[in-house]
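A.B. asks: sequence? don't have it. structure:
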């Protein structure tokens, strides 16, 4: 077996999200169906729980594992009854992926709409309690253009800007 000379493994970015999901085997299948993820690998423990899995989302990698409370490795959104982060996924067609996610079992939080920053954007929460924001970039805007659009279409932002 040859030893790696790369300090960062091939196909993995410098910052790689790592989700702990209760029922990660089911989550992997959901992510494939809902978001078109490709499974790169998985390592199961003798008891069937997955200690590590890797999925490819376009050019990005996501690491996942089941909960292992006996090793104090963190808990899933389902066990915590809350998520500590949202996964943001850029896709070619946000409306299509939003619909796919709902059909696969996600709960819609915000249907896709064009946002002031130039993305068509929507939000779902997967069946495992993990929130996802989905976006298709539609326009390249300057910070000034974004601020102007935000002020025109978002009255609470107008009040905040006055403070």
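C.D. replies: Ah, there it is. Quantities reported herein were computed from a predicted structural model and do not represent experimental measurements.
A.B. asks: Apart from its chain neighbours, what residue comes closest to the residue most central in space within the chain?
C.D. replies: Residue closest to the average C-alpha location in the chain (CA atoms, centre = their mean): residue 87, at 2.5 Å. The shortest distance from residue 87 to any non-neighbouring residue, by CB to CB, 6 or more residues apart in numbering, is to residue 132 (4.9 Å). Where you see a C-beta, it was placed from the backbone N, CA and C, and this is true even at glycine.
A.B. asks: Run the chain-centre distance for stretch 137-148.
C.D. replies: 23 Å (CA atoms, centre = their mean, to the nearest Å).
A.B. asks: swap that for stretch 49-57, sorry
C.D. replies: 14 Å.
A.B. asks: quick one: buried residues of it?
C.D. replies: Across stretch 49-57, burial judged by 16 or more other CB atoms under 10 Å covers 50, 53-55, 57.
A.B. asks: For this protein, just list every one of the helices.
C.D. replies: 24-35, 77-80, 94-104, 143-153, 155-162 (DSSP state H).
A.B. asks: Those into TSV, with extra columns for distance to residue 67?
C.D. replies: Converted to TSV, the helices of the chain look like this (distance: least, CB to CB, whole Å):
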stretch	distance to residue 67
helix 24-35	8
helix 77-80	6
helix 94-104	22
helix 143-153	39
helix 155-162	38
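A.B. asks: residues touching residue 54, list them.
C.D. replies: Residues in contact with residue 54 (CB atoms under 8 Å, 6 or more residues apart in numbering) are 12, 39-42, 61-64.
A.B. asks: Ranking by neighbours, what's the top pick from those residues?
C.D. replies: Ranked by the number of neighbours (other CB atoms under 10 Å), the contacts of residue 54 place residue 64 first, at 23 neighbours.
A.B. asks: Check what pLDDT that one gets.
C.D. replies: At residue 64, the model reports a pLDDT of 97.
A.B. asks: tell me which residues form a beta bridge with it?
C.D. replies: Counting by DSSP bridges, residue 64 is bridged to residue 19, residue 53.
A.B. asks: close enough to count as contact, it and residue 22?
C.D. replies: No - taking contacts as CB atoms under 8 Å, residue 64 lies outside contact range of residue 22: 11.1 Å.
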